[in-house]
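Novice: Following is a predicted model, sequence given first.
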Amino acid sequence: MNRIWVVVPAAGRGQRFGAVIPKQYAPLVGAPMLVRTLDRLLAHPKIAGAMVALAAHDPHWPGLTELEGKPVRTCIGGEERADSVLAGLRALADSVGNDDWVMVHDAARPCVRHHDLDALIEQGTRHSDGAILAAPVRDTMKQGAPGGRIEKTLPRSELWRALTPQLFRYGALFGALQQVLNDPALKPGITDEASAIEALGGRPLLVVGDDDNIKVTTLHDLALAEFILTSPA
Ligand SMILES: Nc1ccn([C@@H]2O[C@H](COP(=O)(O)OP(=O)(O)OP(=O)(O)O)[C@@H](O)[C@H]2O)c(=O)n1
Ligand SMILES: C[C@](O)(CO)[C@H](O)COP(=O)(O)O
């Protein structure tokens, strides 16, 4: 099996983070968070390289072209995360074939561990619809109603938190994203890669991932990420 390219969407504004610079460049254990995430991914032996989708005219990008001996390439992202992922896939067209596996991983998830990457690759590449890392829900889940009251309790045994990376064959993901992002009725619901595959009838595999593969969304998450990265594995 060819080594796997990873598309890293990193073109967000970090509005919920509320800092002066976009959160992907927040300092995290001595390096910008994006560099921490890229280093973690590219240190894995089965990863071929990274295609990073950046905001247009991003003044913070340090100009990396290689990390851990692997190529780091960049492209310009889009208005929404899914647009950035599609741009990254389009920019990889010269390096991957339709049947090659590709991963997508949030720049804002710097704590992903290699044993999770191992599990995703081992299990996902044996599943035609691809796979995602996901964490089983551990809290009781409530559906809210207008006015802030509880509508109902949801059966949590069937609920998972989608994480990243998410793993798909290049042609299948590229085609699905192109199709669903051109459909105004579908585009708002495409918040991860699996939802694009699902929208066309696919049923990706859920691969259990670590709860602490957190997405840094708010400032508080950054402190938690620092704790995770500096704690014994
Ligand atoms: N147009 C966008 C929006 C988001 N992302 C990336 O997708 C990942 C997950 O998105 P999120 O956590 O929502 O980041 P932001 O969109 O920056 O956050 P916010 O919604 O608070 O602005 C991040 O690495 C972010 O940089 C992207 O590449 N392109
Ligand atoms: C892709 C993702 O991280 C899976 O949980 C999530 O959907 C990203 O959401 P965001 O609002 O773009 O951060």
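Specialist: On my side now, so go ahead. Numbering: from 1, shown residues only. Ligands and ions are numbered 1, 2, ... in the order given.

Novice: element containing the nearest residue to residue 144 once chain neighbours are set aside?
Specialist: With CB to CB, 6 or more residues apart in numbering as the criterion, residue 144 has its nearest non-adjacent residue at 6.1 Å, and that residue is residue 151. Any C-beta I mention is one placed from the backbone N, CA and C, and that applies to glycine too. Using DSSP states H and E, residue 151 sits in strand 150-154.

Novice: who are the neighbours of that strand, in terms of helices and strands?
Specialist: With contacts taken as 3 or more CB pairs under 8 Å, 6 or more residues apart in numbering; DSSP states H and E, strand 150-154 sits against strand 141-144.

Novice: what sits up against the strand it packs on?
Specialist: Residues from elsewhere that reach strand 141-144, judged by CB atoms under 8 Å, 6 or more residues apart in numbering: 150-154, 156, 159.

Novice: centroid residue for this structure?
Specialist: Nearest residue to the geometric centre of the chain (CA atoms, centre = their mean): residue 105, 2.7 Å.

Novice: How about the contacts made by the one residue in the chain that gets nearest to ligand 1?
Specialist: Ligand 1 sits closest to residue 12 of the chain, with a gap of 2.1 Å, by CB to the nearest ligand atom. Going by CB under 8 Å, 6+ apart, residue 12 touches 22-24, 55, 81, 84, 107-108.

Novice: Regarding the chain, what is its longest strand?
Specialist: Identified as the longest strand of the chain according to DSSP state E is strand 160-169.

Novice: do that one and ligand 1 meet?
Specialist: No - using CB under 6 Å from any ligand atom, we find that strand 160-169 stays clear of ligand 1, coming within 8.3 Å at best.

Novice: and the next helix or strand along the chain from that strand with ligand 1, contact?
Specialist: For strand 160-169, the following helix or strand on the C-terminal side (DSSP H and E) is helix 170-181. No - counting by CB under 6 Å from any ligand atom, no contacts exist between helix 170-181 and ligand 1, the nearest distance being 12.0 Å.

Novice: Against which helices or strands is the very next helix or strand once past helix 170-181 packed?
Specialist: Downstream of helix 170-181, the first helix or strand assigned by DSSP H and E is helix 193-199. Helices and strands touching helix 193-199, by 3+ CB pairs under 8 Å, 6+ apart, are helix 81-91, strand 160-169, helix 170-181.

Novice: Dump the helix or strand that helix 193-199 is followed by to CSV, restricted to CA.
Specialist: Beyond helix 193-199 in the direction of the C-terminus, DSSP H and E gives the next helix or strand as strand 205-208. The C-alpha trace of strand 205-208 is given here as CSV (Å, rounded to 0.1, in the frame of the first residue of the first chain):
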residue,chain,number,x,y,z
LEU,A,205,-16.4,2.6,9.7
LEU,A,206,-16.2,4.0,13.2
VAL,A,207,-12.7,3.4,14.7
VAL,A,208,-12.5,4.0,18.4
